[in-house]
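Q: Got a predicted structure here, sequence first:
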Amino acid sequence: MKQGIPEIIKLFKFAAKGLIFSQQYQVKDFPRISKLASNSESPVAVKVNFSLEEGRIPCIKGEVKLDLALTCQRCLNEVSVHLTPKFQLAFLKNEQQGEKLAPCFETILNADEEFSTIEFITDEVLISVPMTPMHEHECVSYQDTLPAEACKRENPFAILEQLKNKK
Ligand SMILES: [Zn+2]
């Protein structure tokens, strides 16, 4: 049976037992993510799967699904961004340990044995948040775009006019 994710990850212990957790959080449970988004009540679904690779390397495979209401950097209105960060991490004591490991693992050196689940998930989610979130459609109003477009079209002729005048 799947169980909720403990607040503190005990890396080697969980990996040795091959534990699988899943939990539904809310955006507001992740303070650093909550600061970026206005939908604090929205669900954040997290699945994590612990395993021991090569008999001694603790690994975490996981998947997060969430929607964030961010500010569109083009029109400054709200834009909803669907994120599904997935990760597959191997925690190594030294680089040699990772030599036999499948290349699909992202390796992390010298991690603590225990760390905060919330902080860990936050880091994985923040990597996937776009730096400049924008609507997929042209969201800036017609009036706003028209002058720029018109300028671009007129410029070549303006230059031609100038050349003609010089002759
Ligand atoms: Zn926009």
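A: Sure thing, it's come through.
Q: Residue ranges in this protein under the pLDDT threshold?
A: Applying pLDDT under 70 to the chain picks out residues 1-3, 141-167.
Q: How about the residues of it by the ion?
A: Cys72, Arg74, Cys75, His135, Cys139 (CB under 5 Å from the ion). Just so you know, the C-beta spots here come from the backbone N, C-alpha and C atoms, and that holds for glycine as well.
Q: Could I get these in a markdown table, plus columns for secondary structure and neighbour count?
A: Converted to a markdown table, those look like this (DSSP: H, G, I helix; E, B strand; the rest coil; neighbours: other CB atoms under 10 Å):
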| residue | secondary structure | neighbour count |
| --- | --- | --- |
| Cys72 | coil | 17 |
| Arg74 | coil | 15 |
| Cys75 | coil | 15 |
| His135 | coil | 16 |
| Cys139 | coil | 14 |
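Q: Make a markdown table out of those and add distance to Glu106.
A: Listed next are the residues of the chain next to the ion as a markdown table, based on distance: CB to CB, whole Å:
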| residue | distance to Glu106 |
| --- | --- |
| Cys72 | 30 |
| Arg74 | 32 |
| Cys75 | 35 |
| His135 | 31 |
| Cys139 | 34 |
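Q: Much appreciated, bye for now.
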